[in-house]
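[1] The following comprises the amino acid sequence and a computationally predicted model.
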Amino acid sequence: RLYQIPFEMPDCEGESETRTLHLVGDFSAPAEFFVTLGVFSFLYTMAALVLYLRFHSLYGENKKFPIADFCITVCFAFFWLVAAAAWGKGLSDVKAATRPASLIAAMGVCQGQEVVCNAGTTPAMGLANISVVR
């Protein structure tokens, strides 16, 4: 599925008219993977906590439970690393799609020879970068 991110751009043919330009792309998959993994991690943590506290003797007697718990924890750690990398890649894709130079290049109104287009401000992505690092 493709998502469209609309934004308004001036139309030089009419003074008060604006056109909507759609950026096509699906940047939600990495975030969905990260959130899904977080939910599964939370559910597994709650189940393990119940097992540790309520059935402690069963956990201590059976040697397969600690090994299975360790293997599941290693898998979650690996998938967490993969999800963080995917989130970082998704963020870099969003940054590339919304870079002012890319947006100006996509605007038909800026393609004229006598037209000079420049970006007013650069979007701040500092908090988004911190979210990937954390």
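    Here it is on my side, so go on. Bear in mind the structure is a predicted one, so any value in this text is a computation, not a measurement.
[2] What are the buried residues along the longest helix anywhere in the chain?
    Using DSSP state H, we find that the single longest helix of the chain is helix 64-97. Using 16 or more other CB atoms under 10 Å as the test for burial, helix 64-97 gives 65, 76, 79, 83-84, 86-88, 90-91, 94. To be clear about C-beta, it is placed using only N, CA and C from the backbone, and glycine gets the same treatment.
[3] swap in stretch 101-111?
    Those would be 103, 107, for stretch 101-111 by 16+ other CB under 10 Å.
[4] tell me the contacts of Tyr52?
    Tyr59 (CB atoms under 8 Å, 6 or more residues apart in numbering).
[5] Next one, pLDDT for it please.
    pLDDT for Tyr52: 87.
[6] Could you do the one 3 residues further on as well?
    Here, the pLDDT recorded for Phe55 equals 84.
[7] What segments of the chain are helices?
    29-54, 56-61, 64-97, 100-106, 126-133.
[8] and of those, who's closest to Ala119?
    Judged by CB to CB, the one of those that comes nearest to Ala119 is helix 100-106, at 3.2 Å.
[9] May I have that closest one as PDB, with CA atoms only?
    Only the C-alpha atoms of helix 100-106 are listed here, as PDB (Å, rounded to 0.1, in the frame of the first residue of the first chain):
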ATOM      1  CA  PRO A 100      13.500  20.700   0.700                       C
ATOM      2  CA  ALA A 101      15.700  20.200  -2.500                       C
ATOM      3  CA  SER A 102      13.600  17.100  -3.300                       C
ATOM      4  CA  LEU A 103      10.300  18.900  -2.800                       C
ATOM      5  CA  ILE A 104      11.400  21.800  -4.900                       C
ATOM      6  CA  ALA A 105      12.500  19.500  -7.700                       C
ATOM      7  CA  ALA A 106       9.100  17.800  -7.700                       C
END
